[in-house]
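Would you be able to build a 3D model of this:
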Amino acid sequence: QLVESGGGSVQAGGSRRLSCVASGYSSSSYCVAWFRQAPGKEREGVALMNRYGTTDYGDSVEGRFTISKDNAKNTLYLQMNSLKPEDTATYYCAADVDPDCYTWLPDEYAYWGQGTQVTV
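Modelled structure (predicted):
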């Protein structure tokens, strides 16, 4: 189970940190990712991390967003800086059990959070 928090309203240029707490498994052995979806748009990959800590970012957030995790707390984070109105969306964390997963394809992730709204 994945539970996100940290969403809300923020002014353009501001920062926000999203959290995603995992229960029922160890986040250290899974690949994880953040996706977002704005009204009328397809789900978009924001950031991902494999179990070795290798990360990748979507072009629209590169240099502004940072994905990280605290394995001791089984928690995934998304630090969002220099937020823009176009970052407004519902943000979802995702995870998968495949130890070699590292993909932007939403269908490859077995576990999803309920989503948290970010409005800029």
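
Extract the residue ranges of the protein that are flagged as low pLDDT.
Residue ranges of the chain with pLDDT under 70: 25-29.

Nearest residue to the residue nearest the centre of it in space, please, no chain neighbours.
With distances taken as CA atoms, centre = their mean, residue 34 lies nearest the centre of the chain, 2.1 Å away. Across the structure, with CB to CB, 6 or more residues apart in numbering as the measure, the residue nearest residue 34 apart from its sequence neighbours is residue 46 (4.3 Å). Yep, even glycine has a C-beta here, placed from its N, CA and C like the rest.

What of residue 78?
Closest residue to residue 78 apart from its sequence neighbours, by CB to CB, 6+ apart: residue 18 at 4.3 Å.

for residue 111, same thing?
Excluding the flanking residues, the one nearest residue 111 by CB to CB, 6+ apart is residue 95, at 4.5 Å.

for the helix or strand containing residue 34, packing partners?
For residue 34, the host element (DSSP states H and E) is strand 31-37. Where contact means 3 or more CB pairs under 8 Å, 6 or more residues apart in numbering; DSSP states H and E, strand 31-37 is packed against strand 16-22, strand 44-49, strand 65-70, strand 75-80, strand 89-96.

what sits against the residue nearest to residue 34?
By CB atoms under 8 Å, 6 or more residues apart in numbering, the contact set of residue 46 is 33, 34, 35, 36, 57, 58, 61, 65, 67, 78, 91.
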